[in-house]
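> Predicted coordinates and the sequence they were generated for:
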There are 2 protein chains.
Amino acid sequence: MDVGSLVERVLNGDRRAVARAISLVEESAPQLREIVAGLAAHTGRARIVGLTGAPGVGKSTSTSALVKALRARGESVAVLAVDPSSPFTGGALLGDRVRMQEHATDPGVYVRSMATRGHLGGLSWAAPHALRVLDAAGFSAVLVETVGVGQAEIDIAAHADTTVVLSAPGMGDGVQAGKAGVLEVADILAVNKADREGARAAVRDLRQMVAQVDREPGEWKPPVVSMAAADGEGVADLLERIDEHTEHLRSSGALRERRRARARREIEGIAVEELARRLADVHGHATLDKLADEVATGGDPYAAAETVLAALDG
Amino acid sequence: MDVGSLVERVLNGDRRAVARAISLVEESAPQLREIVAGLAAHTGRARIVGLTGAPGVGKSTSTSALVKALRARGESVAVLAVDPSSPFTGGALLGDRVRMQEHATDPGVYVRSMATRGHLGGLSWAAPHALRVLDAAGFSAVLVETVGVGQAEIDIAAHADTTVVLSAPGMGDGVQAGKAGVLEVADILAVNKADREGARAAVRDLRQMVAQVDREPGEWKPPVVSMAAADGEGVADLLERIDEHTEHLRSSGALRERRRARARREIEGIAVEELARRLADVHGHATLDKLADEVATGGDPYAAAETVLAALDG
């Protein structure tokens, strides 16, 4: 398929074309540049909602319940599940199988896991491209599901218009210790598994933490939602909060600000990738092997890096 | 403390100086360069063993058991626990508290968690610096413990002389799906929680997988160790395999090759960091904001990145 017709088919919402385009993102394929250029002008309509949280809080269940609620009112939904593609979890493949089941026969739902292994800049680099594909394909909502461990996943939250941070009662001290960090990225906090012991206390604690943050007048205050996604309980409430946040972003001008910041990061990501490519070209030289030998036997790595950069500039 | 005396104190194995130096690594402090230059010539003696695996396989318990075994024969041991510093797990602080307990009063053991959040290049960038500090401080063994999710942790494995990949029975399909990846990074495979159901089958499966890989004559074949680290069972066996691997690396010349590859990656990491810094300088210009606005409203991000790079070159 040539790039022009691939772009056209993505714009028509053709699933196979969407799948192909995201695969090209994963592969960092040479056609990517042309695809992005072709799709860019047709984006900006989709609402991008990030869902993140530690393993075990019920991210997939929550995402699936949210898909159902969005479908019930006729929205078309794409789910991008970002897997760190660890050799230990099996990465994207496993995720796809599990997640596809419930919505497999619904033509208004597109579910895709994306592996991001091996990119310099990882998720940060690949996510905007994939989101652009889904946005241009005409989905009104794109849910980005990421496992909440590590900087890369926090970066992903930065690509969403609205970030939902999920937690669950009984997840231990870690949640406590990290609350400051959670509050930084969360637009909405959802305590899942609300039928479990400790759920009320978890909700109360989070509300107190939210209340303690200083805010400008008119600034968004993250609501804390209690839900049991497996039973569909509280999901309508979560969706309502997401709607409110969307409305807030639009009316306050924050949406424009967020999307500008996102674009800034994307430009930076592409630039760094390009610089790394140039560096790899320099690596072709025997110089680097010689420098590496020196550093391996007690040489100064900074001095070696300087030599490499001098070669890059020249 | 000035850099000269900090370096001297690290070389004397002063713990406070070691702690300070690693903090400077975390902060990516300006003194880092001078510290690295001062320590580099005094490195290369420590044996660096990486331990990685999915959450729940018992990494901390295994590390602690291995520390005990190394101490029993009089080796001094440093443990570097690399946390992705997620806001959801609490990152380094929590880890330190938990891990320090057993060996807190032993002067021959130094335990340190390292947060790597916010670095471009993350773990890959910070690890060699921290390892250099611990190596120069005279520890005969440095254990690097990383949680096995994501590319960053696999990168860490690449910084070790010997990488031990831990698994446990009953960890589900993911382990199966990822075995090919596991085999790529593992020098030794350890099945922990060997008292659990399915442990024998797990060991057998791994051995079969190892057997199926084509090897050159004389190439290392990863042994599969069965252990129950919580009871100390199999830990002596694990240590013996590590010793054998160390001996193999030395006699085959592979140690030199690995350390050269490590140095190459480190040089590259420093160079990329420097390039990112230059990019950030360019970002100071109003240009980037303007470009970001264009991209946010449907402009081509690649074209924008090109404009940024042109400014960098100029």
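Nice, I can see it. Since this is a predicted model, take the numbers as computed values, not measurements.
> Quick one: the helices in the stretch 151-300 of chain A, in order.
A:151-157, A:173-177, A:179-185, A:199-212, A:235-252, A:254-283, A:287-296 (DSSP state H, counting those that start in this stretch).
> Can you tell me which of those is most buried?
helix A:151-157 (a mean of 24; mean count of other Cβ atoms under 10 Å in any protein chain shown). All C-beta spots, glycine's among them, are computed from the backbone N, C-alpha and C.
> gap between A:A186 and A:V224?
From A:A186 across to A:V224, the span is 9 Å (Cβ to Cβ, to the nearest Å).
> who wins for proximity to B:A78 among the helices of the stretch 151-300 of chain A?
The minimum distance between B:A78 and the helices of the stretch 151-300 of chain A falls on helix A:287-296, with 20.1 Å, by Cβ to Cβ.
> Name the residues that touch that closest one?
With Cβ atoms under 8 Å, 6 or more residues apart in numbering or on different chains as the contact definition, helix A:287-296 has outside contacts at A:282, A:299, A:301, A:304, A:307-308, A:311, B:40, B:44, B:256, B:259-264, B:266-268.
> going on from that helix, what's the next piece of helix or strand?
helix A:301-313 (DSSP states H and E).
> tell me which residues in that next one are buried?
By neighbour count on 16 or more other Cβ atoms under 10 Å in any protein chain shown, the buried set for helix A:301-313 is A:P301, A:Y302, A:A303, A:A304, A:A305, A:E306, A:T307, A:V308, A:L309, A:A311.
> Identify, from these, the entry nearest to B:V67.
Distance to B:V67 across those (Cβ to Cβ) is lowest for A:P301, with 28.3 Å.
> contacting residues for the closest one?
A:V295, B:V36, B:A40, B:P128, B:A263, B:E266, B:I267, B:I270.
> Can you name the helix or strand that A:V142 falls in?
With DSSP H and E as criterion, A:V142 is part of strand A:141-147.
> could I get that strand in PDB with only the CA atoms?
The C-alpha coordinates for strand A:141-147 follow below in PDB (Å, rounded to 0.1, in the frame of the first residue of the first chain):
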ATOM      1  CA  ALA A 141     -12.500   9.200  22.300                       C
ATOM      2  CA  VAL A 142      -9.100   7.700  22.600                       C
ATOM      3  CA  LEU A 143      -8.300   5.900  25.800                       C
ATOM      4  CA  VAL A 144      -4.600   5.500  26.600                       C
ATOM      5  CA  GLU A 145      -4.000   2.800  29.100                       C
ATOM      6  CA  THR A 146      -0.500   2.600  30.600                       C
ATOM      7  CA  VAL A 147       0.900   0.600  33.500                       C
END
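> That one packs against which elements?
strand A:47-53, helix A:59-72, strand A:77-83, helix A:122-136, helix A:151-157 (3 or more Cβ pairs under 8 Å, 6 or more residues apart in numbering or on different chains; DSSP states H and E).
> quick one: the longest one to helix B:122-136, angle?
Per axes from the mean of the first three to the mean of the last three Cα atoms, to 10 degrees, the angle that helix A:122-136 makes with helix B:122-136 is 180 degrees.
> and if you look at the first one?
For strand A:47-53 against helix B:122-136, the angle between stretch directions is 30 degrees (the same axes, to 10 degrees).
> do strand A:47-53 and chain B meet at all?
Yes. Judged by Cβ under 8 Å from any Cβ of the partner chain, strand A:47-53 comes into contact with chain B at A:G53.
> Can you list the strands that that strand pairs with?
Paired strands of strand A:47-53, with direction, are strand A:141-147 (parallel), strand A:162-167 (parallel) (DSSP bridges).
> a markdown table for those, including mean neighbour count and mean pLDDT?
Output for the strands paired with strand A:47-53, formatted as a markdown table (neighbours: other Cβ atoms under 10 Å in any protein chain shown; pLDDT from 0 to 100):
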| stretch | mean neighbour count | mean pLDDT |
| --- | --- | --- |
| strand A:141-147 | 26 | 87 |
| strand A:162-167 | 27 | 89 |
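> pLDDT of stretch A:10-19, averaged?
Regarding stretch A:10-19, the rounded mean pLDDT is 95.
> buried sites along it?
Buried residues in stretch A:10-19 (16+ other Cβ under 10 Å): A:V10, A:L11, A:D14, A:A17, A:V18.
> So which of these sit within strands?
Within these, no residue falls in strands by DSSP state E.
> Mind listing the residues bridging to the residue lying closest to A:R15 once chain neighbours are set aside?
Among residues not flanking A:R15 along the chain, A:Y110 sits closest, at 6.1 Å (Cβ to Cβ, 6 or more residues apart in numbering or on different chains). Beta-bridge pairing of A:Y110 under DSSP bridges involves A:A78.
> What is the burial count for A:Y110?
Here the count is done by other Cβ atoms under 10 Å in any protein chain shown, and A:Y110 has 21 residues near it.
> Can you lay out the strands paired with strand A:47-53 as JSON lines showing distance to B:V82?
What follows is the strands paired with strand A:47-53, written out as JSON lines (distance: least, Cβ to Cβ, whole Å):
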{"stretch": "strand A:141-147", "distance to B:V82": "17"}
{"stretch": "strand A:162-167", "distance to B:V82": "23"}
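> Minimum distance to A:N192: which of those has it?
Using Cβ to Cβ, the strands paired with strand A:47-53 put strand A:162-167 closest to A:N192, at 5.4 Å.
> show me the contacts for A:T246.
By Cβ under 8 Å, 6+ apart, the neighbours of A:T246 are A:R47, A:D161, A:T162.
> Looking at A:A186 and A:V224, which has the bigger crowd around it?
Per other Cβ under 10 Å, whichever of A:A186 and A:V224 has more neighbours is A:A186, with 26 against 21.
> so the more buried one sits right up against A:P222, yeah?
Yes. The pair A:A186 and A:P222 passes the contact test of Cβ atoms under 8 Å, sitting 5.1 Å apart.
> And the contacts of stretch A:3-12?
Here stretch A:3-12 has contacts from A:1, A:16-18, A:20-21, A:31, A:34-35, A:38-39, A:42, A:133, A:136-138, using Cβ under 8 Å, 6+ apart.
> Determine whether any part of stretch A:211-223 lies close to chain B.
No. Stretch A:211-223 stays clear of chain B (Cβ under 8 Å from any Cβ), getting no nearer than 13.6 Å.
> what does that stretch rub up against?
By Cβ under 8 Å, 6+ apart, stretch A:211-223 touches A:L183, A:A186, A:D187, A:I188, A:L189, A:V210, A:R241, A:E244, A:H245, A:H248, A:S252, A:A254.
> Look up the residues forming beta bridges with the fifth one.
Read it as A:L189. Applying DSSP bridges, one finds that A:L189 bridges with A:V165, A:V224.
> dump the residue contacts of it.
A:L189 makes contact with A:V164, A:V165, A:S167, A:V182, A:L206, A:V210, A:P222, A:P223, A:V224, A:V225 under the criterion Cβ under 8 Å, 6+ apart.
> just checking, the second one touches A:E184?
No. In this structure, A:V165 is not within contact of A:E184 by Cβ under 8 Å, at 9.7 Å.
> returning to what we had before: nearest to A:R71, of the buried residues of stretch A:10-19?
Nearest to A:R71 among these, with distances taken as Cβ to Cβ, is A:V18, at 17.7 Å.
> For chain B, see how far away the closest one is.
Distance, A:V18 to chain B, using Cβ to the nearest Cβ, to the nearest Å: 19 Å.
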